[in-house]
Structure formats: structure tokens, C-alpha cells
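**Student:** what's the 3D shape of this:
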Amino acid sequence: MDSIDSKILMQLQENAKQNTKEIAAKVGLSVTPTYERIRKLEQAEVIKSYVALLDRTKIGKELIAYCHVTLSKQQKKLADSFKKEILLLPDIMECHQVSGNFDYLLKIAVDDIAGFHEFINEKLSIINGISTIHSSFVLNSVKDSTAYNI
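**Tutor:** The predicted structure follows:
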């Protein structure tokens with residue numbers, strides 16, 4: 001990957017609906033080499049997919065919570081089971097295994113505090129092996145980006 005590939009990726013992160021001609025003009029290449037570079041980045045899975053980023057408040061996801069989850073034991077079988085269960089819960093947008101005082105960090109998007117209460121009581125807390133759940137709620141987002149600086 002070189003600086004041109006980086007420029008292409010930055011353009012796609014900014015607006016994936018741009019056509020190849022628009023991207024080519026912005027990165028200083030002609031259309032065909034730009035197209036070929038994008039295709040190679042897709043084949044190498046540097047570009048994993050193209051998505052639409054939604055305004056969560058306009059679709060009713062008013063509450064974002066981060067949950068710190070600690071498992072009761074540090075066992076592979078328990079961790080594998082936890083991961084499988086997490087993948088079945090669409091309200092969890094992100095799940096990261098982390099170092100430190102807890103095992104996993106979850107990002108959860110729900111409609112409101114009642115929806116969060118229901119999610120915790122009826123979905124998350126019933127997963128086998130969870131010892132503790134600590135939650136924090138987003139009050140205001142200072143920066144909310146999905147783009148990587150390349």
C-alpha cells in the first residue's frame with residue numbers, strides 16, 4: 001500500500017458513494033488505475049465492505065451505553081461461549097476483549113433507558129459466566145468518527 005492507496009481509502013471513508021472518476025480526480029490518477037487499485041484493495045480485504053452510516057437519533061436509538069463485562073472465570077470454554085452469545089444480540093454494536101480490570105467492552109445502542117434496562121435484565125445478564133457488568137451512558141459525543149487516519 002502506498003500514498004495513493006491511502007488517499008483512495010481516505011476518499012472512500014469520506015464518501016463511499018463517489019464514483020471512480022471523482023476519486024481519480026481527487027487523488028491525481030486516471031480512472032482505470034484508480035479502479036484497479038480499488039479492486040485490489042477490495043480483493044486484499046483492506047476494504048471489507050461498503051455501508052451507510054445512520055443518524056441513530058433519527059432511527060430511535062437515543063441511548064448509547066458502554067458496558068464493562070467481567071467473566072466469572074478465565075477459561076477458554078467460557079470465553080468462547082460468551083462470544084457466541086454476544087454475536088446473537090443485535091443491540092450490541094461492538095464487543096472488544098480488553099486488558100485491565102474487566103474482560104470485555106461492549107457498545108450498546110437502544111431506544112431509551114427502559115430499553116437498556118430490558119436489554120440488561122433479559123438479554124445480557126442471563127449469559128452464562130458473567131460475573132459483573134458496569135455501565136456508562138453517553139451524555140454527549142464530542143467526536144464520533146468511523147474513519148481511520150491513514
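**Student:** show me what contacts the nearest residue in space to residue 72 that is not next to it in sequence?
**Tutor:** Counting by CB to CB, 6 or more residues apart in numbering, residue 131 is the residue found nearest to residue 72 once chain neighbours are left out, at 4.1 Å. Every C-beta, even on glycine, is put in place using the N, C-alpha and C of the backbone. Listed by CB atoms under 8 Å, 6 or more residues apart in numbering, the contact set of residue 131 reads 70-72.
**Student:** likewise residue 81?
**Tutor:** 128-129.
**Student:** Average pLDDT for the host helix or strand of it, rounded please.
**Tutor:** Assessed by DSSP states H and E, residue 81 sits inside helix 76-87. Helix 76-87 shows a mean pLDDT of 96.
**Student:** For whatever helix or strand comes next after that helix, name the packing helices and strands.
**Tutor:** For helix 76-87, the following helix or strand on the C-terminal side (DSSP H and E) is strand 92-97. With contacts taken as 3 or more CB pairs under 8 Å, 6 or more residues apart in numbering; DSSP states H and E, strand 92-97 sits against helix 76-87, strand 104-110.
**Student:** Is the residue nearest to the spatial centre of the chain bridged to anything, and to what?
**Tutor:** For the chain, residue 94 is the residue whose C-alpha lies nearest the centre (CA atoms, centre = their mean; 5.1 Å). Beta bridges link residue 94 to residue 107 when assigned by DSSP bridges.
**Student:** Pop the domain breakdown of the protein in here.
**Tutor:** Domain ranges of the chain: 3-43, 56-137, per automatic domain parsing.
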